[in-house]
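A.B. asks: next one to model:
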Amino acid sequence: MEHQGYARNADAVFSLKYHLVFCPKYRKKVLSGPVETRLKELLVAKAKELSLTLHTMEIMPDHVHLFVESDPGMAPAKIAAQLKGYTSRILRQEFRYLRSQLPSLWSRSYYIGSVGACVGSNGAPIYQESEGAALSVGVDL
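C.D. replies: All right, here's what the predicted structure looks like:
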């Protein structure tokens, strides 16, 4: 149940939103065409399974940006691990050429930051609403 931007469960009232960024191994540009389409489907399905809310998703050829919301029972590291592990396994099964190009689909590193109250009226992070503003999270993946 959501009230004024907050959700609640039996124990708490909360608003936990995260900006998650992860990249393919060696930052290879493999996330395009049918791989990109299938990745979007898999991320939506896994988010639903984990009871996450995917507010925005942007897939570039060499990295993925997600804006997710979860409850307090799901640690941010677990969110990243679950999404990366599930999508890697399925994509490497369905697109065999990914196996020959990369030893594993995703690099071990990722960026995850809490967004908190830094969201605009449409629920997207404010950095997306700023025209021409460059996104810089200060982390080199």
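A.B. asks: quick one: low-confidence ranges for the protein?
C.D. replies: 1-4, 116-141 (pLDDT under 70).
A.B. asks: just the strands in this structure please.
C.D. replies: In the chain, the strands defined using DSSP state E lie at 2-3, 6-8, 13-14, 16-24, 53-60, 63-70, 106-114.
A.B. asks: how about the spatially most central residue of the chain: what's its closest non-neighbour residue?
C.D. replies: Centroid-nearest residue in the chain, with C-alpha atoms, centre = their mean: residue 66, separated by 3.2 Å. Closest residue in space to residue 66, ignoring its immediate chain neighbours: residue 20 at 4.4 Å, by C-beta to C-beta, 6 or more residues apart in numbering. In short, each C-beta sits where N, CA and C put it, glycine included.
A.B. asks: list the residues that contact the one you found.
C.D. replies: Residue 20 sits next to 64, 65, 66, 67, 68, 76, 79, 80, 83, 110, 111, 112 when contact means C-beta atoms under 8 Å, 6 or more residues apart in numbering.
A.B. asks: before we move on, what about residue 7?
C.D. replies: Taking C-beta under 8 Å, 6+ apart, one finds 1, 13, 14, 15, 69, 71 in contact with residue 7.
A.B. asks: beta partners of the second one?
C.D. replies: Pointing back at residue 13 there. Here residue 13 sits in beta bridges with residue 8, going by DSSP bridges.
A.B. asks: kindly report the same for the fifth one.
C.D. replies: Taking DSSP bridges, one finds residue 17, residue 53 as the beta-bridge partners of residue 69.
A.B. asks: so it touches residue 50, yeah?
C.D. replies: No - using C-beta atoms under 8 Å, residue 69 makes no contact with residue 50, being 11.2 Å away.
A.B. asks: okay, how far is it across stretch 93-105, tip to tip?
C.D. replies: 11 Å (C-alpha to C-alpha, to the nearest Å).
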